[in-house]
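*Asks:* mind looking at a prediction? Sequence and model below.
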Amino acid sequence: MARFRFRLEASLRLAEQVLETAQRKLALEVQQWQRCVLACELQEQRLEEAFEGYREACWEKPGELAGWQIYVREQRNRLQQCQIERTEQEKVMEEARQSLLEAHRETEKFKRLKEKQEKAFWMAELQKEQKLLDETGQVLYWRQRN
């Protein structure tokens, strides 16, 4: 019996490897983005604590006000830097997502082509078999008549 062989099997395997690599890359980028989000949340808490310390210094310790102002400014700058990093990471994550989608499309294209060619192959095999059976039937019919 004949066996189906997909001529582009190597390309399909390569596309699947690219897909797996893209999935891993996206997972890593999502983890990095989550770390950025967490760092921003922590920095927001620190900034809020700095503002609270500044407010307390306004009422209770005016001599420490200058130090608290510097500390608040530093925490605000860190928060802005953290937000910039998070925005940049979102862009990197989106690029990884687009890469994954492209790899998925490429893999699906090869899979559909393989399925289509395999179906056509088996249809041709069935037609050959049917033709052979028809010829056998005709030969048997003519032998019985003669």
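*Replies:* It's in.
*Asks:* all contacts plus neighbour counts: C-alpha atoms, from now on.
*Replies:* Will do.
*Asks:* what's the nearest residue to Cys82 if we skip its chain neighbours?
*Replies:* Excluding the flanking residues, the one nearest Cys82 by CA to CA, 6 or more residues apart in numbering is Cys40, at 5.6 Å.
*Asks:* quick one: list the elements packing against the host helix or strand of Glu125.
*Replies:* Following DSSP states H and E, one finds Glu125 within helix 65-145. The contact analysis (3 or more CA pairs under 8 Å, 6 or more residues apart in numbering; DSSP states H and E) places helix 65-145 against helix 9-60.
*Asks:* ok, back up a step: quick one: mean pLDDT for the helix holding Glu125?
*Replies:* What helix 65-145 shows for mean pLDDT is 94.
*Asks:* so how far is it from its chain's centroid?
*Replies:* Here the centre of helix 65-145 is set off from its chain's centre by 10 Å, with CA atoms, centre = their mean, to the nearest Å.
*Asks:* buried set for stretch 53-71?
*Replies:* Buried residues in stretch 53-71, counted by 16 or more other CA atoms under 10 Å: 53-54, 57, 65, 68-69, 71.
*Asks:* could you check the pLDDT of the residue nearest to Cys82?
*Replies:* 97.
*Asks:* residue contacts, it?
*Replies:* Applying CA atoms under 8 Å, 6 or more residues apart in numbering to Cys40 gives the contacts 79, 82-83, 86.
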